[in-house]
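Engineer: Sequence first, then the predicted structure, then my questions.
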Amino acid sequence: MRIHLTDDRRAALRRAVQNHFTSEFDEELSDFRADGLVDLFVRELGPPVYNQGVRDAAAYVAGKLDDIEGDVVEREPPA
């Protein structure tokens with residue numbers, strides 16, 4: 001897995017998964033089972049979500065670069 005979580009982030013996600021299962025399914029998950037789900041989510045959802053963020057950022061920057069000519073280029077008199 002190329003996406004690494006800090007210990008604090010992993011613990012927060014583990015608690016979120018455990019709380020979700022408790023509130024939605026009335027089932028308590030051990031830390032081991034919750035960590036397994038966190039690993040699954042990061043492995044399966046992490047790359048596509050990350051890549052979409054990169055694509056969105058690249059499209060935003062490309063749009064700003066397209067606008068730069070109109071924002072900073074001075075008009076030249078006709079030749």
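Structural biologist: Received, thanks. Predicted model, so just to flag it, every value in this text is computed and none were measured.

Engineer: centre of the chain versus the helix or strand hosting A62, how much separation?
Structural biologist: Here A62 sits within helix 31-72, counting by DSSP states H and E. Centre-to-centre, helix 31-72 and its host chain are 5 Å apart (Cα atoms, centre = their mean, to the nearest Å).

Engineer: Which elements pack onto it?
Structural biologist: Secondary-structure packing of helix 31-72 (3 or more Cβ pairs under 8 Å, 6 or more residues apart in numbering; DSSP states H and E): helix 7-25. Bear in mind the C-beta positions are built from the backbone N, C-alpha and C, glycine included.

Engineer: what comes up buried for stretch 13-20?
Structural biologist: By neighbour count with 16 or more other Cβ atoms under 10 Å, stretch 13-20 contains the buried residues 13-14, 17-18.

Engineer: for that stretch, the distance to its chain's centre please.
Structural biologist: 18 Å.

Engineer: Three-state assignment for E74, please.
Structural biologist: Put simply, E74 is coil when judged by DSSP: H, G, I helix; E, B strand; the rest coil.
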